[in-house]
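J.: predicted model and sequence follow; I will ask about them next.
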Amino acid sequence: MAEIKGFETDGGVAAPAPELVALLEAYSDPAILLSPDCQVLAANRPYRDAYGGGADVCGRFCYEVSHHSDVSCDQAGEACPLLESRRSGRPHRVLHIHHTPRGDEHVDVETRPLPDHSGRIRYFVEIVRPTGDVSARPSAKGLVGRAPAFNRMLELMQRVGPSEVAALLLGESGTGKEEVARAIHQLSPRARGAFVPVECSGLTESLFESELFGHEKGAFTGAHSARVGLVEAARGGTLFLDEIGDIPQQLQVKLLRLLETGTFRRVGSSEPQQADFRLICATHRDLSGLVKSADFRQDLYYRVNTFPIELPALRDRREDIPLLAETLLRRIPTGADLALSDESLALLRRYAFPGNIRELRNILERASLLTDDRWIRPEHLPGDCHRPGDKPPYPDEAFRLVPLAEHERDYLVRAAREHKGSRAGLARALGISQRTLFRKLQDL
């Protein structure tokens, strides 16, 4: 371990004891020992490899190493976990985007205060954990995003993922509820078990029981052999009930019994079997409203609504559209070598996307078949994306109310083109940190 540099305290320079430094190596995740002013006093090998290229990072500030920033997180518009721990004297967790040799990555950052024998907090341990199959840059698989609305959803996923608590995903169609459910499954202790999705829409009573619980040979006409149900297939893993709000009331009773007793019987059998799964449900409907109208059982509602997570609509995370478009083009067989023109990207940013990410994928897949070179241009986009008033607002046009984020993006584009100096000079002129400017320009 490299020499540990101290920090100034009321009593002078203090340095952590060697055993405290050695404690960091017990963490398999990247971990550092910090002073109250965010100075790195020690780092374990995973941290040095991930953020220092294997080199010593002691004596530097944590935000310099992980964010490549010259100001602390709270001055750059992010929550600082150390600051919160210093105020409360308790551990604190936040979701951050850190710079790594592989590029920007979502990480779960936990800061723990370490008081001395007198109760005074002299050090903080910061542990950096990966967020699973989630990326802040174009990726071949998993969830992708970096908008504030996406990050809020991701924070809740990180909280509920390692538990056995039932999660309820709420959001419009096309927002990626099954992908979020898979990501939660991957964060859980059951990640090595099966992830079993069940589409609840349109299931009849007989089909519901047979699909969920399985059946014995001869249980009904056409049952020529025994069949394992989806509940049994999910044993040791996760059962994902998609569109649970569409389950008829008579079937809600059977589902409630499964959840309350943890047992089920195959159709045609009297032998009870033990269920063993983690439950994740999803719906685009207002379940609380369905409870009030007596279309959804209240007792079942409280069973599945333990930990609700709102999935943002694409119009609420417009800053992610360039990142999502690049990602989806990579995933579309006919779009791997294609790119959106600036004009096409501007149109997509202003489109409402009632079908959300699913609609964006469909638009790009169609456009990839219409272009004859590597560029997707406005004429390759469907007519809905060209509705009147979708041009950027300028002072000489009729006034039109648009989200402030759109004004900011248009202004940043113009500022970046007009400014002839350095990025640092542009950041000073705009009154923001270089780190904040870097992130905003990356989104553009």
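T.: Yep, that arrived.

J.: in contact with Arg235, which residues?
T.: Going by Cβ atoms under 8 Å, 6 or more residues apart in numbering, Arg235 touches Gly193, Ala194, Ala275, Asp276, Phe277. Glycine gets a C-beta too; all of them are placed from N, C-alpha and C.

J.: most neighbours, which of those residues?
T.: The member of the contacts of Arg235 that has the most neighbours, counting by other Cβ atoms under 10 Å, is Phe277 with 23 neighbours.

J.: got the contact list for that residue?
T.: Phe277 neighbours (Cβ under 8 Å, 6+ apart): Arg190, Val196, Val231, Ala234, Arg235, Gly236, Gly237, Thr238, Leu239.

J.: how about Arg86?
T.: Arg86 neighbours (Cβ under 8 Å, 6+ apart): Pro36, Pro113, Ile121, Phe124.

J.: Pro18: which of these is nearest?
T.: Phe124 (18.0 Å; Cβ to Cβ).

J.: on that earlier part again, just the contacts of Arg86: which are in strands?
T.: Of those, the ones assigned to strands by DSSP state E are Pro113, Ile121, Phe124.

J.: what mean pLDDT does stretch 160-172 get?
T.: The average pLDDT within stretch 160-172 is 96.

J.: quick one: distance of that stretch to the chain centre.
T.: Mean-position distance between stretch 160-172 and its chain equals 12 Å (Cα atoms, centre = their mean, to the nearest Å).

J.: just the CA atoms of that stretch, as PDB, please.
T.: Taking Å, rounded to 0.1, in the frame of the first residue of the first chain, the C-alpha atoms of stretch 160-172 are listed here in PDB:
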ATOM      1  CA  VAL A 160     -35.200  -3.400  -4.200                       C
ATOM      2  CA  GLY A 161     -33.000  -5.600  -6.400                       C
ATOM      3  CA  PRO A 162     -31.000  -7.500  -3.600                       C
ATOM      4  CA  SER A 163     -34.200  -8.100  -1.600                       C
ATOM      5  CA  GLU A 164     -37.000 -10.600  -1.800                       C
ATOM      6  CA  VAL A 165     -39.600  -7.900  -1.700                       C
ATOM      7  CA  ALA A 166     -42.300  -7.900  -4.400                       C
ATOM      8  CA  ALA A 167     -41.800  -5.000  -6.900                       C
ATOM      9  CA  LEU A 168     -44.600  -3.400  -9.000                       C
ATOM     10  CA  LEU A 169     -43.500  -1.700 -12.200                       C
ATOM     11  CA  LEU A 170     -45.800   1.200 -13.300                       C
ATOM     12  CA  GLY A 171     -45.600   2.900 -16.600                       C
ATOM     13  CA  GLU A 172     -47.000   3.400 -20.100                       C
END
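
J.: list the buried residues in it.
T.: The neighbour-count check on stretch 160-172 (16 or more other Cβ atoms under 10 Å) flags Val160, Gly161, Ala166, Ala167, Leu168, Leu169, Leu170, Gly171, Glu172 as buried.

J.: got it, and stretch 114-133?
T.: So for stretch 114-133, counting by 16+ other Cβ under 10 Å, buried means Arg122, Tyr123, Phe124, Val125, Glu126, Ile127, Val128, Arg129, Thr131, Gly132, Asp133.

J.: what's the spacing between the third one and Asp37?
T.: In this structure, Phe124 and Asp37 are separated by 10 Å, where distance is defined by Cβ to Cβ, to the nearest Å.

J.: counting neighbours, which bits of stretch 88-100 end up buried?
T.: His92, Arg93, Val94, Leu95, His96, Ile97, His98, His99.

J.: re earlier: need the buried residues of stretch 160-172 in a markdown table (columns: distance to Leu300 and secondary structure).
T.: Formatted as a markdown table, the buried residues of stretch 160-172 follow (distance: Cβ to Cβ, whole Å; DSSP: H, G, I helix; E, B strand; the rest coil):
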| residue | distance to Leu300 | secondary structure |
| --- | --- | --- |
| Val160 | 19 | helix |
| Gly161 | 23 | coil |
| Ala166 | 11 | coil |
| Ala167 | 15 | strand |
| Leu168 | 11 | strand |
| Leu169 | 16 | strand |
| Leu170 | 16 | strand |
| Gly171 | 20 | coil |
| Glu172 | 22 | coil |
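
J.: in the sheet, who's paired with Gly103?
T.: Going by DSSP bridges, Gly103 is paired in beta bridges with Thr100.

J.: next up, the contacts around the residue nearest the centre of the chain.
T.: In the chain, the residue lying closest to the centroid (Cα atoms, centre = their mean) is Leu154, at 3.1 Å. Shown in contact with Leu154 (Cβ under 8 Å, 6+ apart): Leu95, His106, Thr131, Val134, Leu143, Gly145.

J.: to what extent is the fourth one buried, counted in neighbours?
T.: The criterion is other Cβ under 10 Å. On that basis, Val134 has 26 neighbouring residues.

J.: which residue packs closest to it, ignoring adjacent ones?
T.: Leu143 (4.6 Å; Cβ to Cβ, 6 or more residues apart in numbering).

J.: I'd say Glu319 and Ala147 touch.
T.: Yes - using Cβ atoms under 8 Å, Glu319 is in contact with Ala147, at 4.8 Å.

J.: quick one on the thing from earlier: and the contacts of Leu154, which two are furthest apart?
T.: Leu95 and Leu143 (12.7 Å).

J.: that older thread, now secondary structure too, for the buried residues of stretch 88-100, in CSV please.
T.: Formatted as CSV, the buried residues of stretch 88-100 follow (DSSP: H, G, I helix; E, B strand; the rest coil):
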residue, secondary structure
His92, strand
Arg93, strand
Val94, strand
Leu95, strand
His96, strand
Ile97, strand
His98, strand
His99, strand
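
J.: need those in CSV (columns: pLDDT and distance to Ala183).
T.: Output for these, formatted as CSV (pLDDT from 0 to 100; distance: Cβ to Cβ, whole Å):
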residue, pLDDT, distance to Ala183
His92, 94, 23
Arg93, 93, 18
Val94, 92, 19
Leu95, 91, 13
His96, 91, 18
Ile97, 89, 17
His98, 89, 19
His99, 85, 22
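
J.: make CSV out of these and add distance to Leu426.
T.: Below are these laid out as CSV (distance: Cβ to Cβ, whole Å):
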residue, distance to Leu426
His92, 33
Arg93, 33
Val94, 28
Leu95, 27
His96, 24
Ile97, 21
His98, 24
His99, 20
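
J.: distance check, the residue nearest to Tyr47 when sequence neighbours are not counted against Ala22.
T.: Once flanking residues are discounted, Tyr47 sits nearest to Pro30: 3.6 Å by Cβ to Cβ, 6+ apart. Distance, Pro30 to Ala22, by Cβ to Cβ: 16 Å.
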